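Trainee: Give me a model of this one.
(chains A, B, C, D, E and F)
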Protein chains: 4
Amino acid sequence: MSPRTEKQFELIREERRQKIMDSALDLFAKNGYDNTSISQIASKADISKGLLYNYFKSKEDLLEAILNTGIDELMDVFDPNKDGVLEVSEMKFFLEEMFKILKKHRVFWRLYFSVTTQPSVFKLVEKRIEEIYKPLTKMTVDYFTRQGHENPTAEAILFGALLDGISFDYVLKPDIFPIEMVKKELINRYCC
Amino acid sequence: MSPRTEKQFELIREERRQKIMDSALDLFAKNGYDNTSISQIASKADISKGLLYNYFKSKEDLLEAILNTGIDELMDVFDPNKDGVLEVSEMKFFLEEMFKILKKHRVFWRLYFSVTTQPSVFKLVEKRIEEIYKPLTKMTVDYFTRQGHENPTAEAILFGALLDGISFDYVLKPDIFPIEMVKKELINRYCC
Amino acid sequence: MSPRTEKQFELIREERRQKIMDSALDLFAKNGYDNTSISQIASKADISKGLLYNYFKSKEDLLEAILNTGIDELMDVFDPNKDGVLEVSEMKFFLEEMFKILKKHRVFWRLYFSVTTQPSVFKLVEKRIEEIYKPLTKMTVDYFTRQGHENPTAEAILFGALLDGISFDYVLKPDIFPIEMVKKELINRYCC
Amino acid sequence: MSPRTEKQFELIREERRQKIMDSALDLFAKNGYDNTSISQIASKADISKGLLYNYFKSKEDLLEAILNTGIDELMDVFDPNKDGVLEVSEMKFFLEEMFKILKKHRVFWRLYFSVTTQPSVFKLVEKRIEEIYKPLTKMTVDYFTRQGHENPTAEAILFGALLDGISFDYVLKPDIFPIEMVKKELINRYCC
DNA sequence: GATGAATGAGCTTTCATTCAT
DNA sequence: TATGAATGAAAGCTCATTCAT
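Mentor: This is a model prediction of the structure:
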């Protein structure tokens, strides 16, 4: 008789939206953004193609939403803006947190690396990524400065590259990459 | 008619083939494999679409050829099969060589990373990549063993990840990544 | 419950119906029938898409209602059925009335001309239009006959075409078409 | 063995292009631009959808080409720029020419009127249309001035509207509009 | 060898209409 | 009465690939 309440609508919408994003993330990560069709996504999310456009105004918009959500989750857990200073004890926490995220959101990170290499699509999140990277870099430079390193900038850049490489290798070959061993080694090395 | 003519034909063919591959590499690296059309490649190589199919039997085949050529060049320069043993002095050479290649074939490496994240396309070269990685890994494990490291496997994996990360970062942001500084630092660190 | 309530309902319905039609007329006239979506109309009328279908059983039905209402208003003002005879004095009134309508319902006439050129949609009102045109033509033929014209039929057809052309030109370029001047000239010419 | 010569290609292309435009003109005029699909056009022209895009880069581009061709043909026959002066004898020629064109290109004119009422599409040819209308208007104003009319501007505007109305009525109802009679009457009236 | 016209499947997107609530 | 989620058909368009010449 009466129409659905606003709250009911909101709830349904939120669930559907999430389901679409989950389906799309899986497919994007597995097959690449360009090789995933709206049909496939809709089919995986058990909805019609048309409905998808009720939730996202384009395929690109969907990708952007996925990436932003991933970045948001990341920043929630990881927020580097607390005070911007990394104590030795915090470095350990930082690394542990990073590995936790890497494992939990492996699929997302796979998509992330794939997007990174595609300018046409990377521009969607370039700004936000930079906003994250900048304070991170600063933090690690400061950290290595306080540690008394001779060339803290180089150290920080190598540290960043190392984390990138580890993430990349793990995300692409999770079954053979010895993530736990690497984690331990890393903590040994950088949190002495 | 004469054998010379045939040789000339062969030469022309080879040159044209190379031109197609160069054009395609550029476009693939810049816009992505999926966002590059055969028309664009043919146009950039100054030939017709039809002729392109005279040289490569499909778009995928063209990509495969590009990747294999890149890998071949890599192995020519870098051949790790000489004797499979990396002396300390050779490690320095190895790293210098690697950075040389990275700079010279930056566009290729950009394509390489982009392809790596797309299984549908990575399968084309997966085998060969593994064939390269395996001895490399062994070599570095041996190296770190001989160096007396406590956990040479972990060290080798970190070393590999570091090289991957450096390559990745450099290739995506060549203008801001301090490649020379990183190279010096790396040699300092690993070739003592 | 009480009849008054029902009357109020009726009133609300009527108002809403009118609002939908007004919104649709605006959009149809501005962007064309095909380029106007039900969503746009519903949004402009501040109702839901679903409710619109409570008032009109299809988009075509809505268009038909708009056209018929326009035609009805026209006939109310203009009623050529009074006695079917046009005196010289009445011709002046007729023309003045026509220009009044043209200015007041310019948007409607714009839609009218747009619809006229699209058979798939014109068929909706073809019959009624003919019912209007026929007596009008007869009336003018009689008028020109009484005026002693040599070829009153030709005169009537030219007169009709002239009115069509004036309407068309004015409706499409209201800002540059000198409607007042044309009106004066027309009255001078035909109501001597 | 040898590829087609450039001339052969050119010939084939020109024929195909014309066939596509003819098919499209028919369908656009009959069903309207928006109600005609690329599929229908391709099917009527006996080609695939894809090929159509080898000749026209979009549906809009196709429409534009049709309209421009129509306008070109019109100007070839009708070129009002000869000297810009209309003698009495020339007025007769002018009108006869106009009716000839109207009959010969009736389908085009139907499309023209339909396009005129759709701003989204009219903009494609607005400029060119104005370039034609302006000298025409000037010419007729001059003509009526020379004829000694009291208000030549009004006369010219009425004359223009009359021609528009006649064209409109004829093009929409060619079977019942007495085009020959109207032509005679018009010549009588304006070329005394 | 060399051309580019031609195909057809598949893409993203839109939208009139229906329907559970 | 009133909502807007949901559908599905159809639109415009792209592109790897083939083929007659």
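Trainee: Can stretch A:86-104 be said to contact chain B?
Mentor: No: judged by C-beta under 8 Å from any C-beta of the partner chain, stretch A:86-104 makes no contact with chain B; its nearest approach is 12.4 Å. The C-beta positions use only the backbone N, C-alpha and C, and glycine is treated the same way.
Trainee: For that stretch, list the C-alpha coordinates in PDB.
Mentor: The C-alpha trace of stretch A:86-104 is given here as PDB (Å, rounded to 0.1, in the frame of the first residue of the first chain):
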ATOM      1  CA  LEU A  86      57.000   7.700  13.200                       C
ATOM      2  CA  GLU A  87      58.600   6.300  16.300                       C
ATOM      3  CA  VAL A  88      60.600   3.100  16.100                       C
ATOM      4  CA  SER A  89      57.800   1.300  17.800                       C
ATOM      5  CA  GLU A  90      55.300   2.800  15.400                       C
ATOM      6  CA  MET A  91      57.300   1.600  12.500                       C
ATOM      7  CA  LYS A  92      56.700  -1.900  13.600                       C
ATOM      8  CA  PHE A  93      53.000  -1.200  13.900                       C
ATOM      9  CA  PHE A  94      53.100   0.500  10.500                       C
ATOM     10  CA  LEU A  95      54.600  -2.500   8.800                       C
ATOM     11  CA  GLU A  96      52.300  -5.000  10.500                       C
ATOM     12  CA  GLU A  97      49.400  -2.900   9.500                       C
ATOM     13  CA  MET A  98      50.600  -2.700   6.000                       C
ATOM     14  CA  PHE A  99      50.900  -6.400   5.700                       C
ATOM     15  CA  LYS A 100      47.500  -6.900   7.200                       C
ATOM     16  CA  ILE A 101      45.900  -4.600   4.700                       C
ATOM     17  CA  LEU A 102      47.800  -6.200   1.900                       C
ATOM     18  CA  LYS A 103      46.500  -9.700   2.800                       C
ATOM     19  CA  LYS A 104      43.000  -8.500   3.500                       C
END
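Trainee: Could you check how far residue A:162 is from residue A:186?
Mentor: 8 Å (C-beta to C-beta, to the nearest Å).
Trainee: next one: phi and psi at residue A:125?
Mentor: Note on residue A:125: backbone dihedrals following degrees, to the nearest 10 are phi -120, psi 10.
Trainee: I'd assumed residue A:64 was in contact with it.
Mentor: Yes: with contact defined as C-beta atoms under 8 Å, residue A:125 counts as touching residue A:64 (7.0 Å).
Trainee: who's more crowded, the two?
Mentor: Neighbours were tallied for residue A:125 and for residue A:64 using other C-beta atoms under 10 Å in any protein chain shown; the higher tally belongs to residue A:125 (20 against 15).
Trainee: Would you mind listing the residues in contact with the closest residue to the more buried one other than its chain neighbours?
Mentor: Among residues not flanking residue A:125 along the chain, residue A:67 sits closest, at 4.7 Å (C-beta to C-beta, 6 or more residues apart in numbering or on different chains). Residues near residue A:67 by C-beta atoms under 8 Å, 6 or more residues apart in numbering or on different chains: A:111, A:112, A:115, A:124, A:125.
Trainee: which secondary structure element contains residue A:67?
Mentor: helix A:59-78 (DSSP states H and E).
Trainee: Over to residue A:23?
Mentor: Using DSSP H and E, residue A:23 falls in helix A:6-31.
Trainee: Would that helix count as contacting DNA strand F?
Mentor: Yes: contact of helix A:6-31 with DNA strand F (C-beta under 7 Å from any atom of the strand) involves A:9, A:12, A:13, A:16.
Trainee: out of those residues, which are buried?
Mentor: Neighbour-count burial (16 or more other C-beta atoms under 10 Å in any protein chain shown) applied to the residues of helix A:6-31 next to DNA strand F gives residue A:16.
Trainee: Could you export the residues of helix A:6-31 next to DNA strand F as JSON lines, including distance to chain B?
Mentor: Formatted as JSON lines, the residues of helix A:6-31 next to DNA strand F follow (distance: C-beta to the nearest C-beta, whole Å):
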{"residue": "A:9", "distance to chain B": "37"}
{"residue": "A:12", "distance to chain B": "34"}
{"residue": "A:13", "distance to chain B": "31"}
{"residue": "A:16", "distance to chain B": "28"}
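Trainee: Let me know the closest of the residues of helix A:6-31 next to DNA strand F to residue C:171.
Mentor: Residue C:171 has its nearest neighbour among those in residue A:9, at 42.9 Å by C-beta to C-beta.
Trainee: what's the overlap in contacts for residue A:162 and residue A:186?
Mentor: Joint contacts of residue A:162 and residue A:186 (C-beta under 8 Å, 6+ apart) are residue B:158.
Trainee: I'd like to know how far residue A:89 sits from chain B.
Mentor: Distance of residue A:89 to chain B, computed by C-beta to the nearest C-beta, to the nearest Å: 22 Å.
Trainee: I misspoke; the intended subject was residue A:92.
Mentor: Here residue A:92 is placed at a distance of 17 Å from chain B (C-beta to the nearest C-beta).
Trainee: and that residue, what element?
Mentor: Using DSSP H and E, residue A:92 sits in helix A:88-104.
Trainee: Taking helix A:59-78 as reference, get the angle to that helix.
Mentor: Between helix A:88-104 and helix A:59-78, the angle comes out at 140 degrees (axes from the mean of the first three to the mean of the last three C-alpha atoms, to 10 degrees).
Trainee: Next, the buried residues of helix A:88-104.
Mentor: A:90, A:91, A:94, A:95, A:98, A:99, A:101, A:102.
Trainee: starting at the chain centroid, how far to stretch A:117-129?
Mentor: 13 Å (C-alpha atoms, centre = their mean, to the nearest Å).
Trainee: ends of that stretch, how far apart?
Mentor: One end of stretch A:117-129 sits 13 Å from the other (C-alpha to C-alpha, to the nearest Å).
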